[in-house]
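Engineer: Need the 3D shape of this:
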Amino acid sequence: MNARRMSLIVAAAFAMLGAASSHAIAAEAAHDVPAPALDESAQPGSTSEIAVLAGGCFWGVQGVFQHVKGVTGAVSGYTGGDKEHAVYEVVGSGTTGHAESVKITFDPRQISYGRILQIYFSVAHNPTELNYQGPDYGTQYRSTIFPTNDEQARIAKAYIAQLDQAKTFDAAIVTTVEPGKNFYPAEDYHQDFLTLHPDYPYIVFNDLPKVENLKRLFPDLYRADPVLVMAARTTN
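Structural biologist: Residues are numbered from 1 along each chain as shown. You can find the predicted model right below:
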C-alpha cells in the first residue's frame, strides 16, 4: 500500500468519526430476524454460488461474511456503475451509480442464499437507512441486493416483503434489488481491512460489534478464522 492511499484512508476514517460524534450516531444494532419463507431450491452438483450485497462501508460487510461457515470468499468492491468509475476516490463522490459492495462466494451445500440474506439483514447492516449507514452518507452506502440470477431476485424481493409485513423493523425496509449489475473488486488496501486493522477506530466502533453479533445470533454459522482475500491469493 502506498503512502498516498494510506493517508486517504486515515483522512476518510477521521472524517467519518467526526460525523459520528457530531450526530451522536451509535453503532448499528443487530436484529434477530426470521429466516426467509422462500429460499433457493437445491441444485444437484452445485458447489459454488455468488451473492453480491451492499450495506454501507464494505469493510464491515466483508468482515462479517468472512466469518460465516460455508463462505469460501468475500471480496470488497463496487457495483451499480461502470468499470471506468470503479475507483474508491471517484465512487466516494456519490455520482457514479456504484455502491460499496461485497461479492460473497459460498457453498450452497453448507449455507443457502436465504441464510446469507438473513445474516445480511440481521447483523451486517440496517436495511431501514436510506442512502446511509451509521456515519456514512451517500448513495454509495445504500442498502442494495444485486441478484446474480432470477431466482435470487425472487427470493430477495419475497424476503423484503416478508420482513416488512411482519414489521420486523421499526421502519420500512429501503433495500433495493438491482439485477444485471457488474461487480468490480476494490483496491487491495480495502481487502481484509477488518482483520488487518482490528484496532482502527472506525472498525472498533462500527464493525467489530457486527462480528460479535454474528457470533451471538448465528452460533451455528460463525467461524473464528475468517476466509481472507490475500490468503486465497497466496495459495493459488
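Engineer: could you pull out the strands for this structure?
Structural biologist: Using DSSP state E, the strands of the chain run over 49-55, 71-79, 99-106, 132-133, 136-137, 143-146, 176-177, 183-185.
Engineer: and the fourth one, what other elements does it pack with?
Structural biologist: If I follow you right, that is strand 132-133. Judged by 3 or more C-beta pairs under 8 Å, 6 or more residues apart in numbering; DSSP states H and E, strand 132-133 is in contact with no other helix or strand. To be clear about C-beta, it is placed using only N, CA and C from the backbone, and glycine gets the same treatment.
Engineer: quick one: contacts for residue 158?
Structural biologist: By C-beta atoms under 8 Å, 6 or more residues apart in numbering, the contact set of residue 158 is 36-38.
Engineer: What is the neighbour count of residue 84?
Structural biologist: Residue crowding around residue 84 was assessed by other C-beta atoms under 10 Å; the count is 9.
Engineer: per-residue confidence at it?
Structural biologist: You'll see residue 84 listed with a pLDDT of 98.
Engineer: list the contacts for it?
Structural biologist: No contacts exist for residue 84 under C-beta under 8 Å, 6+ apart.
Engineer: quick one: it from residue 34, how far?
Structural biologist: According to C-beta to C-beta, to the nearest Å, residue 84 stands 41 Å off from residue 34.
Engineer: At the geometric centre of the chain, which residue do we find?
Structural biologist: residue 61 (3.1 Å; C-alpha atoms, centre = their mean).
Engineer: Settle this for me: it is touching residue 53, isn't it.
Structural biologist: Yes - taking C-beta atoms under 8 Å as the definition, residue 61 is a contact partner of residue 53 at 6.4 Å.
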